[in-house]
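[1] need a 3D model of the following:
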Amino acid sequence: MSKVSINQSTDGNGREFRLNAPDQKHTVFIPAELLDDEVGDDCSDADRDAWVENNIEEIVKAAESKIKGGVVRRPFDRIVVREDN
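    Numbering: from 1, shown residues only. The predicted structure follows:
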């Protein structure tokens, strides 16, 4: 899997990254609420980044499954995937 560049989302506490396939481009959003539940409401940005990096393979698999209309298990069912032009 290629390295993705994880950015802080516009809400400040969530994370997002681009998922590029040869014929499609998507942005994957990891909501702040998901990170709050998984890492803790009072966690640091470094803690949030570490959780995303430790789970990036599952997050990417979940995003790809959502793109194909598949079923995604908790907690990754809460990620949001947007198709970009």
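
[2] helix/strand/coil for Leu19?
    Under the three-state scheme (DSSP: H, G, I helix; E, B strand; the rest coil), Leu19 adopts strand.

[3] does it touch Val60 like I think?
    Yes: under the criterion of CB atoms under 8 Å, Leu19 makes contact with Val60 at 6.7 Å. For every residue, glycine as well, the C-beta is placed using N, CA and C.

[4] who touches both of those two?
    Val4, Val28 (CB atoms under 8 Å, 6 or more residues apart in numbering).

[5] do a quick rundown of the helices in the protein.
    32-39, 45-54, 56-67 (DSSP state H).

[6] mind putting these into a markdown table with distance to Asn85, mean pLDDT and mean neighbour count?
    Output for the helices of the chain, formatted as a markdown table (distance: least, CB to CB, whole Å; pLDDT from 0 to 100; neighbours: other CB atoms under 10 Å):
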| stretch | distance to Asn85 | mean pLDDT | mean neighbour count |
| --- | --- | --- | --- |
| helix 32-39 | 26 | 94 | 17 |
| helix 45-54 | 25 | 93 | 15 |
| helix 56-67 | 15 | 94 | 17 |
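
[7] pretty sure Glu83 sits against Asn20.
    No: between Glu83 and Asn20 there is no contact under CB under 8 Å: 11.7 Å.

[8] which one of those two is surrounded by more residues?
    It is Asn20, of Glu83 and Asn20, that has more neighbours when counted by other CB atoms under 10 Å, with 12 against 9.

[9] picking that back up, make JSON lines out of the helices of the chain and add distance to Gly14.
    Converted to JSON lines, the helices of the chain look like this (distance: least, CB to CB, whole Å):
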{"stretch": "helix 32-39", "distance to Gly14": "4"}
{"stretch": "helix 45-54", "distance to Gly14": "8"}
{"stretch": "helix 56-67", "distance to Gly14": "12"}
